[in-house]
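Trainee: sequence-free structure coming up:
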């Protein structure tokens, strides 16, 4: 197994428990913490996809920017289907990435601290949960034909089925 495949698997292994936490907290209607785990799992999924794509990266909380570079790099030969999936994934991730630390610490507006509990209700959570679902579905579509990722794909299918019932 190549180093990039190994790194991809490591990032997926980091993301999967956070997806599990997301599902658990959505069921419990704890929407602010659900949004936090959605953000964390999307970031980890994208970092796995970056390694899968043969790239390396330094620390970042905006992996969609790295994926966007793939689509503009003329030296990078990829299929149109793969490119379209990467574009979709990067676009979907931008919304939750833009939240930055708000999912953890809230925001100060007009001198008042707005807590994550005040910012992220069911509506916002379901929007981001849908984004996670679409990102995960696209990643599954990329990995499903690679035998090395058979067990990860089974886990992804399970998550997709469970998330679909929540959105």
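Mentor: Sure, I can see it. All of these numbers come straight from a predicted model, not from anything done at the bench.

Trainee: which helices and strands does the helix or strand of the chain with the lowest mean pLDDT pack with?
Mentor: None of the helices or strands of the chain scores lower by mean pLDDT, DSSP states H and E than helix 63-72, at a mean of 78. With contacts taken as 3 or more C-beta pairs under 8 Å, 6 or more residues apart in numbering; DSSP states H and E, helix 63-72 sits against helix 31-52, helix 80-98. Where C-beta positions appear, they are placed from N, C-alpha and C, glycine not excepted.

Trainee: ok, of those, where does mean pLDDT dip lowest?
Mentor: Of all those, mean pLDDT reaches its minimum on helix 80-98 (a mean of 92).

Trainee: Rounded mean pLDDT for the helix or strand that that one is followed by, please.
Mentor: For helix 80-98, the following helix or strand on the C-terminal side (DSSP states H and E) is helix 102-105. Helix 102-105 carries an average pLDDT of 93.

Trainee: List the buried residues for helix 102-105?
Mentor: Within helix 102-105, the residues that count as buried by 16 or more other C-beta atoms under 10 Å are 102-103.

Trainee: which residues sit against the one helix or strand residue 140 maps to?
Mentor: Per DSSP H and E: residue 140 is located in helix 122-143. The contact list for helix 122-143 (C-beta atoms under 8 Å, 6 or more residues apart in numbering) reads 19, 22, 26, 29, 31, 34-35, 38-39, 41-42, 45-46, 48-49, 52, 82, 85, 88-89, 92-93, 95-96, 149, 152-153, 156-157, 159-160, 163-164, 166-167.
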